[in-house]
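Trainee: got a structure for you, letters missing:
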């Protein structure tokens, strides 16, 4: 890990090439993180990957978290690794909900009312042309091919669209699944489990 | 009749393999474009055993998450426990006692041997060496007996706790483990005698499924697959966790990066793991096996009938669980398949706001296309075995 002053140095160097790209830094529990403007995520990742003094060339993990109720709510984490210096650096970018389209608030999938009418589950969260817009960010597959599956996983569970991803489809859930289950406003148990006794009601 | 004169090799046929097929080592579906017997394109389709474990974890207090995460990669459950417990310990800043560190290392390395034994048995079975399965599972059973002795369970032991391990090793465990540590290198030698000079095995594995080191790194591949390509990258050496810095062990690496190297690297790793277990046994310190912080760790059972304070702590920990100050931690360890990372986000309550596992099988599976395209379909099955994906970990 870069230590706290090292993190500020990295921030300063990025600021020189990309002014305004780094919004904040945090050094918590021995782990360094850069909070980056989502619009400039690709240029920062490219810089960190290729700058001769840093070369964070290995993307260990790409994952997302929903920070609801704070806004902007979605955090996308890039766990970068410099294998020569054995240093990890977390790049984090925060995305808000996309502006609502047609008066429907995005990210409110099947609630309690849907559990009673499972045939209409998750109409609010469809990705179709009629559905609300989803938050978007640039894909980093061109920089780190390993992000391919992991960006698909984030899309699958959080409904975050990665612009420029070669094949942005659901990966673990079925293709016809509706809703974004890892969002915090998606209830646990939001999916009716069909047993023999209730198969008529939900079948 | 005109069709008969056509060049038949140009015909591409799409074949579906799985999801229920013994050669896919789990519930994996492969959509393969074949030209004759040559694989021209392969698309893994996953998600058949997705059970939403990460979502369920958000609804459980911290200590109740442990059995959930164990069931992701069901062959290397100790590693999931260590990744999760280690991440939570880093969140709350809890130092675990030395004896717990040694015990954890012993069980992690036993689990690594167990995982590699399951891999070796099933993969050799795919290549026609049926007897390997029985030999490997014979040794695996001895490891499971040890797990049962210490934790009461053969699989999914829930042995690691936040703060240490749940119970000290019982009387007689050490002697049994020592005899295993003595026997294991001999057994590995026997496996090698069966396979290393076996003409069928060599023909099937040598020069097959080569992916070069740079491409593997781009794809984020870690673990034995990367080491077989000649990159000596092992988190046990790179990062300081548990007692690995004090251990004397080597990282086996390959030279070519073919399936034979992958086999050799894993087999050599079993011997190195056995050495680590032996060293841990020799150096095992006396002392507590779990931290003594009553805010996070259950008080000893014997105190409950005499101390009111212990009873209150016990009640609070069991009903509500402990709270963790807001923060987030990523903790990566070397599992039998590569970097197993656990990300935990705490929001100040007694339940994690997000638990995410960076599963090595999931990431490594992306290299399968590079291994298989333009090889024979029989070699693709061999490459899949050597990739060693555990679908429970892929789908979570």
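Mentor: Thanks, I have the structure now. Given the structure is predicted, the values throughout are model-derived calculations rather than measurements.

Trainee: you'd agree residue B:303 is up against residue B:310?
Mentor: Yes: Residue B:303 is within contact range of residue B:310, at 4.1 Å (criterion: Cβ atoms under 8 Å). Quick note: C-beta positions are derived from backbone N, CA and C, even for glycine.

Trainee: So these two - more neighbours on which side?
Mentor: Counted by other Cβ atoms under 10 Å in any protein chain shown, residue B:303 and residue B:310 do not tie: residue B:310 has more neighbours, with 18 against 15.

Trainee: Against which helices or strands is the helix or strand encompassing the more buried one packed?
Mentor: Assessed by DSSP states H and E, residue B:310 sits inside helix B:308-319. Helix B:308-319 is packed against no helix or strand, with contacts defined by 3 or more Cβ pairs under 8 Å, 6 or more residues apart in numbering or on different chains; DSSP states H and E.

Trainee: does the helix or strand just after that helix come close to chain A?
Mentor: Next helix or strand after helix B:308-319 toward the C-terminus (DSSP H and E): strand B:327-335. Yes: using Cβ under 8 Å from any Cβ of the partner chain, strand B:327-335 reaches chain A at B:327, B:328, B:329, B:330, B:332.

Trainee: if we take those, which one ends up nearest to residue B:179?
Mentor: residue B:332 (33.5 Å; Cβ to Cβ).

Trainee: and the closest one, how far is that from residue B:266?
Mentor: Computed as Cβ to Cβ, to the nearest Å, the residue B:332 to residue B:266 distance reads 20 Å.

Trainee: what do you get for residue B:25?
Mentor: For residue B:25, the distance to residue B:266 equals 14 Å [Cβ to Cβ].

Trainee: How is the closest residue to chain A within chain B classified with respect to secondary structure?
Mentor: Going by Cβ to the nearest Cβ, chain A is nearest to residue B:220 of chain B, at 2.8 Å. Classification of residue B:220 by DSSP: H, G, I helix; E, B strand; the rest coil places it in coil.

Trainee: Ignoring the adjacent residues along the chain, who's closest to it?
Mentor: What sits nearest to residue B:220 in space, not counting adjacent residues and going by Cβ to Cβ, 6 or more residues apart in numbering or on different chains, is residue A:146, at 2.8 Å.

Trainee: quick one, what contacts the one you found?
Mentor: Each residue near residue A:146 by Cβ atoms under 8 Å, 6 or more residues apart in numbering or on different chains is listed here: A:59, A:62, B:218, B:219, B:220, B:221, B:363, B:366.

Trainee: Surely residue A:177 is in contact with residue A:159?
Mentor: No: with contacts counted by Cβ under 8 Å, residue A:177 stays clear of residue A:159, the gap being 11.1 Å.

Trainee: quick one: which of the two has more around it?
Mentor: Each of residue A:177 and residue A:159 has its neighbours counted (other Cβ under 10 Å); residue A:159 has more, 26 against 15.

Trainee: Check which residues of the strand or helix carrying residue B:276 are buried.
Mentor: If you go by DSSP H and E, residue B:276 is part of helix B:259-283. Neighbour-count burial for helix B:259-283 flags B:259-281 (criterion: 16 or more other Cβ atoms under 10 Å in any protein chain shown).

Trainee: Which residue ranges of the chain form strands?
Mentor: All of this is about chain A. Listed in chain order, the strands of chain A (DSSP state E) span A:22-28, A:31-36, A:58-66, A:74-82, A:87-95, A:136-138, A:161-163.

Trainee: Chain B was what I was after
Mentor: Using DSSP E, the strands of chain B run over residues B:12-17, B:20-21, B:26-27, B:29-35, B:38-45, B:160-161, B:164-165, B:327-335, B:338-346, B:352-358.

Trainee: Need the ones you listed in a markdown table (columns: distance to residue A:88).
Mentor: Output for the strands of chain B, formatted as a markdown table (distance: least, Cβ to Cβ, whole Å):
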| stretch | distance to residue A:88 |
| --- | --- |
| strand B:12-17 | 38 |
| strand B:20-21 | 38 |
| strand B:26-27 | 30 |
| strand B:29-35 | 34 |
| strand B:38-45 | 28 |
| strand B:160-161 | 23 |
| strand B:164-165 | 25 |
| strand B:327-335 | 7 |
| strand B:338-346 | 10 |
| strand B:352-358 | 12 |
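
Trainee: Save these as a markdown table, and put in distance to residue B:392, mean neighbour count and mean pLDDT too.
Mentor: A markdown table is the format used below for those (distance: least, Cβ to Cβ, whole Å; neighbours: other Cβ atoms under 10 Å in any protein chain shown; pLDDT from 0 to 100):
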| stretch | distance to residue B:392 | mean neighbour count | mean pLDDT |
| --- | --- | --- | --- |
| strand B:12-17 | 19 | 12 | 89 |
| strand B:20-21 | 15 | 13 | 81 |
| strand B:26-27 | 7 | 20 | 84 |
| strand B:29-35 | 15 | 17 | 90 |
| strand B:38-45 | 15 | 18 | 90 |
| strand B:160-161 | 18 | 26 | 91 |
| strand B:164-165 | 23 | 25 | 90 |
| strand B:327-335 | 13 | 23 | 92 |
| strand B:338-346 | 13 | 26 | 93 |
| strand B:352-358 | 11 | 24 | 93 |
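
Trainee: List of residues touching stretch B:258-271?
Mentor: Outside stretch B:258-271, the residues within contact range by Cβ under 8 Å, 6+ apart are B:112-113, B:116-117, B:119-120, B:123, B:184-185, B:188, B:191-192, B:195, B:202, B:204-210, B:224-225, B:227-229, B:252-255, B:336, B:382-383, B:386, B:388.

Trainee: any weak-confidence spans in chain A?
Mentor: Applying pLDDT under 70 to chain A flags residues A:1, A:99-132, A:190, A:202-203.

Trainee: Return the residues of it in contact with chain B.
Mentor: Taking Cβ under 8 Å from any Cβ as the contact definition, chain A meets chain B at A:28-31, A:57-61, A:63, A:65-67, A:77, A:79, A:83, A:86, A:88, A:90, A:144-150, A:153, A:157, A:170-174, A:181-182, A:184, A:186, A:188, A:191.

Trainee: before we move on, the earlier item: closest one to residue B:156 out of the residues of strand B:327-335 next to chain A, please.
Mentor: Residue B:156 has its nearest neighbour among these in residue B:332, at 22.1 Å by Cβ to Cβ.

Trainee: Minimum distance to residue A:201: which of the strands of chain B has it?
Mentor: Of all those, strand B:26-27 comes closest under Cβ to Cβ, at 28.3 Å.
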